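In: got a sequence here, can you model it:
(one chain, ligands or ions: 1)
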Amino acid sequence: MGKAVIAIHGGAGAITRALLNPEQEKRYIDALSSIVEKGQQMLESGESALDVVTEAVRLLEECPLFNAGIGAVFTRDETHELDACVMDGNTLKAGAVAGVSRLRNPILAARLVMEQSPHVLLVGKGAEQFAFAQGVEPVSPDTFSTPERLQQLLDARAGGVTQLDHAAPLDERAKMGTVGAVALDKEGNLAAATSTGGMTNKLPGRVGDSPLPGAGCYANNASAAVSCTGTGEVFIRTLAAYDIAALMDYGNLSLAEACERVVMEKLPALGGSGGLIAVDREGNVALPFNSEGMYRAWGYAGDAPTTGIYRE
Ligand code: ASP
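Out: Reported below is the predicted structural model:
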């Protein structure tokens, strides 16, 4: 069994040195390190991978820098529709919500779906009603709005960036900041969690890969825990997260080989850009991406964390 470890991401995309000034860069690095350190401490004190990824993603949802929870992107209609998923590699149980706008922490609602309902995925009003019935306090949808995200929508509109229009390619700028976490705990259990506001200017009702087990989130103690970020439609069509586990399970590929195949070959072949974070049962960590950058951090329990944004 490997050493307990956590990896987190805050989204992938056209993130270059030119995009961020030193102050912005520091804000991202500080946020990523403080959240990954919290996860490392939890693992060190023996908490489960499931609790660690849930808490890491909750903290990322609370951070306005990332496109999940507070700071989520806007739909075409200037609304927010949030998606999240959590999966337990020990039991293969999963819970998810999609298209919610009145739950402050979609990842906690996903966890409730997993533990308190017979279902895996609840959407929209039904998901919200379920969470309220479980004692979750409703919030106003504008809780998630930030001026930066509104500006992104206005820019996307001005640039004619219409995702999901077959004539127009999905735009790199429209998808940045989805969050996720994967962990291996001291008991040898794996877990994964992913949360997002989706893509700027998306059509109302659009659901991406993030809340779909196997697409944007997957965990199985037999292979790996995976959380994805990128052009959701392609991650759905390739079942990217599950594909990592399947290549390891059926193809005997290592984690690194499986990641290389999926992120550098299979996704780009369909026009998919982005990346993922993954941990296997031996405690190997992979954080591959085929875009210019991916906000990321990882660390073993008891060690100092490592953070990164750009390719080099
Ligand atoms: N994969 C997310 C989605 O398609 C977007 C992202 O990762 O930034 O909803």
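
In: wait, is Phe132 part of a strand?
Out: No - counting by DSSP: H, G, I helix; E, B strand; the rest coil, Phe132 is not found in a strand; it is helix.

In: what's across from Val226 in the sheet?
Out: Here Val226 sits in beta bridges with Tyr218, Ala278, going by DSSP bridges.

In: go ahead and confirm it touches Met248.
Out: No - with contact defined as CB atoms under 8 Å, Val226 does not reach Met248; the gap is 10.2 Å. Placement of C-beta: from N, CA and C, glycine included.

In: looking at these two, which one has more neighbours?
Out: Val226 (34 against 22; other CB atoms under 10 Å).

In: OK, contacts around that one?
Out: For Val226, the contacting residues are 182, 192, 217-219, 240-241, 244-245, 276-278, by CB atoms under 8 Å, 6 or more residues apart in numbering.

In: try it again with 7 Å
Out: 182, 192, 218, 241, 244-245, 276, 278 (CB atoms under 7 Å, 6 or more residues apart in numbering).

In: do whichever strand or helix holds Gly10 and the ligand meet at all?
Out: Assigned by DSSP states H and E, Gly10 belongs to strand 5-13. Yes - under the criterion of CB under 6 Å from any ligand atom, the ligand is reached by strand 5-13 at Gly11.

In: what is the burial count for the residue of the chain found nearest the ligand?
Out: At 2.1 Å from the ligand, Gly232 is the closest residue in the chain, using CB to the nearest ligand atom. Using other CB under 10 Å, Gly232 is surrounded by 31 other residues.

In: then Gly46?
Out: Gly46: 11 neighbours (other CB under 10 Å).

In: assumed Ala297 was part of a strand.
Out: Yes - judged by three-state DSSP, Ala297 forms part of a strand.

In: am I right that it is in contact with Ser34?
Out: No - the pair Ala297 / Ser34 is not scored as a contact, 9.5 Å apart, by CB atoms under 7 Å.

In: among the two, which residue is more densely surrounded?
Out: Ala297 (29 against 13).

In: which ones are touching the more buried one?
Out: Contacts of Ala297 by CB under 7 Å, 6+ apart are 8, 32-33, 36, 305-307.

In: want to throw those residues into JSON lines with neighbour count and secondary structure?
Out: Below are these laid out as JSON lines (neighbours: other CB atoms under 10 Å; DSSP: H, G, I helix; E, B strand; the rest coil):
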{"residue": "Ile8", "neighbour count": "32", "secondary structure": "strand"}
{"residue": "Leu32", "neighbour count": "27", "secondary structure": "helix"}
{"residue": "Ser33", "neighbour count": "17", "secondary structure": "helix"}
{"residue": "Val36", "neighbour count": "23", "secondary structure": "helix"}
{"residue": "Pro305", "neighbour count": "19", "secondary structure": "coil"}
{"residue": "Thr306", "neighbour count": "16", "secondary structure": "strand"}
{"residue": "Thr307", "neighbour count": "17", "secondary structure": "strand"}
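
In: ok, then the element right after the lowest-mean-pLDDT helix or strand in the chain?
Out: Lowest by mean pLDDT, DSSP states H and E among the helices and strands of the chain is helix 147-158, with a mean of 88. Next helix or strand after helix 147-158 toward the C-terminus (DSSP H and E): strand 179-184.

In: can you list the strands that that next one pairs with?
Out: Partners of strand 179-184 in its sheet, by DSSP bridges: strand 5-13 (antiparallel), strand 190-196 (antiparallel).

In: and the longest one, what's buried?
Out: Of all the residues in strand 5-13, those buried under the rule 16 or more other CB atoms under 10 Å are 5-13.

In: nearest to Ala156, of the strands paired with strand 179-184?
Out: strand 5-13 (13.0 Å; CB to CB).
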